[in-house]
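Colleague: here is my input, please return the structure:
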Amino acid sequence: MVLRGPNGAGKTTLLRVLAGLIPPQSGKVELRGIALENRDDYQDQITFAGHLDAIKPQLTVAENLRFWADLFDSKTFDQTLQEFRLSEIADRQAHTCSAGQKRRLGLARIAVTARPIWLLDEPTVSLDTETTAQFATLVDRHCAKGGMALIATHIDLALANATELRLEPLSAKARASLPESDPFLTGDWV
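Modeller: Numbering: from 1, shown residues only. I've put the predicted structure just below:
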C-alpha cells in the first residue's frame, strides 16, 4: 500500500504508531492478530525505515550490512550487497558515503532482515531513477512472497499491485465536527 498526502498530513505519524514507536491516541493496533502491547512478537513482524538511516558511521558499508545480516541470520548478504550496488564501496566507512549510497545501504538492511511487514517512510529520497526502479522491484518481489509493505512516498514507484491510501484536507465542516479532546484528529488533516 502506498500512503500519499501533503507534508504534515500524518503519514510519518501513522507509520511510527504502526511500528510501535509512539502510542496510538485511541483504538487498538494489531498486525496479523498480534497486539502492539505484545511488543516482542509484534515487532518480530516488522521492519521500519524512517528518515534516520540506522547506519553506524564508523563502520564500513559491508560491516553495517553484515551486522544486520548476522542479527537476522540472513543468507542473502552477498546477493544484497550486489543488488544494491554496494560491492564497489563495501570497504568505505559509512560516514564518507553520499546520501544516495547511505539510502541504498539502509534499503539493503531492510532486504536482509526478512521481516514480513515493511513500514517505509520516503524510502527513495536521495536515490537515482535506476535505484528507485530497483527498489520497486524489491518491494514487488517481497509482496509476491507473501510480505506486506506500507510506503509513505510523494513519487510514483510504479508498484505492480499497490493500493493507494490518500490523506486529503478536511473541509471546514468536517473539521468543526472533530472532537476537541483528541489531538490526533484535530487540525487540518486526518
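Colleague: residue 51 contacts residue 121, doesn't it?
Modeller: Yes. The pair residue 51 / residue 121 is scored as a contact, 6.2 Å apart, by Cβ atoms under 8 Å. Where C-beta positions appear, they are placed from N, C-alpha and C, glycine not excepted.
Colleague: neighbour count winner among those two?
Modeller: residue 121 (21 against 8; other Cβ atoms under 10 Å).
Colleague: pretty sure the more buried one is touching residue 13, no?
Modeller: No. Using Cβ under 8 Å, residue 121 is not in contact with residue 13, being 10.1 Å away.
Colleague: who does the residue most central in space within the chain bridge with?
Modeller: Residue closest to the average C-alpha location in the chain (Cα atoms, centre = their mean): residue 120, at 1.4 Å. Beta-bridge pairing of residue 120 under DSSP bridges involves residue 49, residue 151.
Colleague: can you report phi and psi for the residue nearest to residue 4 when sequence neighbours are not counted?
Modeller: Leaving aside its sequence neighbours, residue 4 sits nearest to residue 166 (Cβ to Cβ, 6 or more residues apart in numbering; 4.8 Å). Dihedral pair for residue 166: phi -110, psi 130, per degrees, to the nearest 10.
Colleague: counting neighbours, what do you get for residue 10?
Modeller: 18.
Colleague: that one contacts residue 167, doesn't it?
Modeller: Yes. Counting by Cβ under 8 Å, residue 10 touches residue 167, with 6.1 Å between them.
Colleague: isn't residue 54 right up against residue 108?
Modeller: No. Between residue 54 and residue 108 there is no contact under Cβ under 8 Å: 11.1 Å.
Colleague: and those two? which has more neighbours close in?
Modeller: Using other Cβ under 10 Å as the criterion, residue 54 and residue 108 rank with residue 108 on top: 25 against 16.
Colleague: just checking, that one touches residue 81?
Modeller: Yes. Using Cβ under 8 Å, residue 108 is in contact with residue 81, at 7.0 Å.
Colleague: now for these two: what residues contact both?
Modeller: Taking Cβ atoms under 8 Å, 6 or more residues apart in numbering as the criterion, residue 108 and residue 81 both touch residue 65.
Colleague: which stretches of this structure form strands?
Modeller: 2-4, 30-31, 34-35, 46-49, 117-121, 148-152, 164-166 (DSSP state E).
Colleague: redo those strands as CSV? Include distance to residue 91 and mean pLDDT.
Modeller: Converted to CSV, the strands of the chain look like this (distance: least, Cβ to Cβ, whole Å; pLDDT from 0 to 100):
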stretch, distance to residue 91, mean pLDDT
strand 2-4, 36, 94
strand 30-31, 38, 86
strand 34-35, 40, 90
strand 46-49, 24, 92
strand 117-121, 28, 95
strand 148-152, 31, 96
strand 164-166, 41, 90
